[in-house]
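> Next one to model:
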Amino acid sequence: MIEIKKAFEDLSPEEFSHVLDAPVWISLMAAYAGDGILSPDEKSGAIKLASLRKFTSPKSLRDFYKLVDMQFEQRFDILNLRLPTEEKDKEIYLKAQMRRVHEILLKLDKDVAIDLEKSLASFYEKVFNSHVSFFQYFALPIISGSLDDVGRYEK
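Numbering: from 1, shown residues only. Sure thing, here's the model as predicted:
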């Protein structure tokens, strides 16, 4: 596992800040995708997810997500206010931010970059589907897994 300082040491402070904002950009992109509206469920789901990633992400990214979580909600509100009002302009702007993140990721250790790209893709999917309840996302898979185990013991 690469330490957070080592993994991101080749980035400028501005680049590192932009990468820390990547989960926010991803969340905004996912929230506005499809209907062009940021719902309260999408915002709260993104905030919860950012906090959970401190524990659920690959070990190489846990320190990164601790830093993300410390500023996520504040940065979410700030960056959302900076978005253009027109839907098409908003989409173009968000895609440009994500292209910038991708360019920066190319400077990172390959393993960390791959872990982060996978994590951000998963982040997008979960925020995009945040209309699905917290129970379905987090509790149901655990319960289903437990029920599968019970079935194995009954045979």
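> which residues sit against the longest helix belonging to the chain?
Longest helix in the chain, counting residues (DSSP state H): helix 59-82. The set of residues external to helix 59-82 that reach it, using C-beta atoms under 8 Å, 6 or more residues apart in numbering, is 1-4, 7-8, 20-21, 23-25, 27-28, 38, 43, 46-47, 50-51, 53-55, 57, 111-112, 115-116, 119. All C-beta atoms are positioned from the backbone trio N, CA, C, and that covers glycine.
> Now the buried members of the residues you listed.
Among the contacts of helix 59-82, the ones that count as buried by 16 or more other C-beta atoms under 10 Å are 4, 7-8, 20-21, 23-25, 27-28, 38, 43, 46-47, 50-51, 53-54, 57, 112, 115-116, 119.
> Could you list which of the residues you listed belong to helices?
4, 7, 20, 23-25, 27-28, 43, 46-47, 50-51, 53-54, 112, 115-116, 119.
> Name the nearest residue to residue 55, sequence neighbours excluded.
Closest residue to residue 55 apart from its sequence neighbours, by C-beta to C-beta, 6 or more residues apart in numbering: residue 62 at 7.3 Å.
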